[in-house]
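In: based on what follows, work out the 3D shape:
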Amino acid sequence: MMESGDYRVGIDLGGTKIAAGLVDIQSGAMTHFRRRPTPVAEGPAAILRDVAEIAADIIALAKAEGRFPLSIGIAVPELVDIEGRVCSDWNFSIEAIGAEIEGLLGIPTMADSDVRAAAHAEARFGAGVPHQSFVYLSLGTGMSYSLVINGRPWSGANGFAIHFASSELALPKEDDTGLTIANAEDFASGKGMQRSFSRRAGEPLEDGVRTLETMSTEGDFLSTRILDEAAEVTGRLLAQMINMIDPEAVVLGGGLGCSTGRYREKLEQHMRENIWADRCKTIPLKLAALGEGAGVVGAALAKPPGNRRQTIKVGA
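Out: Numbering: from 1, shown residues only. From the prediction side, this is the model:
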């Protein structure tokens, strides 16, 4: 028996794992969830093979239940233009992954940047639902953002409006001998904090930022300092963004963004202290509501190319 509904396959293709599922884009409900490590070391062909296998498995299960997916969406941690072409190779180089998967499986396929996909999911089904505008920040191994207006992520003229802290900044040195050049992401991201710890402590950090939070609660000075520095850098940058854009709310996603320890507390403190307008100082700061599912659901909302509109507009 054929079920009514608008079903899409969503695939969140990350640098470490592939998560996927069948999504009803009218309700946001996800079934047939799958997860496996991303075979980055094996190269693009292996990644394409695994994505195609997962998608084919989900499609077969859905069809057996009378549900026929209309498209596949793939969220990637890269720059993706408005036609769905992957335009960077920070984690892997698969420029035409959408066309490749479409050719293998014979179903319309669209790629999108993972932060934009997650922001779209939060706008439609998560923490962003009550707001006409909000900023979604993905804070984890790296740092990126998406501005959402009237339920739609703003892609920018080319599709590249996802950068938050990746550009080098320059400020005069206190002794007037020149400029200090620094990239905030190198210090404030999860990867940046791990590098800071290893450089200062002379040994690797075993379990990432979670270890820093644990050590900080036990009174470790270095861990506390690294967390506080990263939180201040991020909080100040976020305040600057609020001063520029004036959104209704901020939604934090990613493993680091959804943490609830000292980092989160200090980030909010520095954010509010550096917002200029008093009326904006009370801006809601929310945690993403969809968790790991945000990338999968958001990927399913990506629309295959054809009319240069980045994402599906779903009625209430």
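
In: if I look at the closest residue to residue 196 other than its chain neighbours, how far off is residue 183?
Out: Using CB to CB, 6 or more residues apart in numbering and skipping residues adjacent in sequence, the residue nearest residue 196 is residue 226, 5.1 Å away. Heads up, the C-betas are built off the backbone N, CA and C, glycines and all. Here the distance between residue 226 and residue 183 works out to 16 Å (CB to CB, to the nearest Å).

In: what's the answer for residue 154, then?
Out: From residue 154 across to residue 183, the span is 24 Å (CB to CB).

In: quick one: contacts for the residue nearest to residue 196?
Out: Contact analysis of residue 226 by CB atoms under 8 Å, 6 or more residues apart in numbering lists 193, 196-197, 200, 212.

In: can you tell me the helix or strand for it?
Out: helix 221-245 (DSSP states H and E).

In: after that helix, which helix or strand is next?
Out: Where DSSP H and E defines the elements, the next helix or strand beyond helix 221-245 is strand 249-253.

In: and that next one, which strands flank it?
Out: strand 133-139 (parallel), strand 285-287 (parallel) (DSSP bridges).

In: can you give me how far the last one is from the chain middle?
Out: By that I understand strand 285-287. With CA atoms, centre = their mean, to the nearest Å as the basis, strand 285-287 stands 15 Å off its chain's centre.

In: quick check: residue 126 vs residue 247, distance?
Out: 16 Å.

In: give me the number of residues near residue 201?
Out: The number of residues packed near residue 201 is 13, by other CB atoms under 10 Å.

In: and residue 276, by the same measure?
Out: Other residues within reach of residue 276, judged by other CB under 10 Å, total 10.

In: give me the pLDDT value at it.
Out: pLDDT recorded at residue 276 is 97.

In: ok, it - contacts?
Out: Taking CB under 8 Å, 6+ apart, we find residue 276 in contact with residue 243.

In: that one belongs to a helix, doesn't it?
Out: No: using DSSP: H, G, I helix; E, B strand; the rest coil, the assignment for residue 276 is coil, not a helix.

In: ok, residue 126 and residue 247, which is more surrounded?
Out: For residue 126 versus residue 247, neighbours defined as other CB under 10 Å are more numerous around residue 126 (25 against 21).

In: that one contacts residue 291, doesn't it?
Out: No: Residue 126 is beyond contact range of residue 291, at 9.1 Å (criterion: CB atoms under 8 Å).

In: could you export stretch 102-110 as PDB, CA atoms only?
Out: In PDB, the C-alpha atoms belonging to stretch 102-110 read as follows (Å, rounded to 0.1, in the frame of the first residue of the first chain):
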ATOM      1  CA  GLU A 102      22.100  11.000  -9.200                       C
ATOM      2  CA  GLY A 103      23.800   9.100 -12.000                       C
ATOM      3  CA  LEU A 104      24.300   6.100  -9.800                       C
ATOM      4  CA  LEU A 105      20.800   5.900  -8.300                       C
ATOM      5  CA  GLY A 106      18.600   7.700 -10.900                       C
ATOM      6  CA  ILE A 107      17.000  10.100  -8.400                       C
ATOM      7  CA  PRO A 108      17.300  13.900  -8.300                       C
ATOM      8  CA  THR A 109      20.100  14.800  -5.900                       C
ATOM      9  CA  MET A 110      21.300  18.100  -4.400                       C
END
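
In: can you give me the buried ones in that stretch?
Out: The neighbour-count criterion (16 or more other CB atoms under 10 Å) identifies 102, 104-105, 107-110 as the buried residues of stretch 102-110.

In: now, those that are in helices?
Out: By the criterion of DSSP state H, membership of the buried residues of stretch 102-110 in helices covers 102, 104-105.

In: mind putting these into JSON lines with pLDDT and distance to residue 20?
Out: Output for those, formatted as JSON lines (pLDDT from 0 to 100; distance: CB to CB, whole Å):
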{"residue": "102", "pLDDT": "95", "distance to residue 20": "16"}
{"residue": "104", "pLDDT": "96", "distance to residue 20": "15"}
{"residue": "105", "pLDDT": "96", "distance to residue 20": "13"}
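
In: low-confidence stretches in the stretch 201-316 of the chain?
Out: 305-316 (pLDDT under 70).

In: picking that back up, quick one, the helix holding residue 226 and strand 249-253 angle?
Out: Comparing the axes of helix 221-245 and strand 249-253 via axes from the mean of the first three to the mean of the last three CA atoms, to 10 degrees yields an angle of 140 degrees.

In: report the buried residues of helix 221-245.
Out: Neighbour-count burial for helix 221-245, counted by 16+ other CB under 10 Å, picks out 223-224, 226-239, 241-242.

In: do stretch 147-163 as well
Out: Going by neighbour count (16+ other CB under 10 Å), the buried part of stretch 147-163 is 147-148, 151-156, 159, 161-162.

In: repeat that for stretch 196-213.
Out: For stretch 196-213, a neighbour-count test (16+ other CB under 10 Å) marks 196-197, 205, 208-209, 211-213 as buried.
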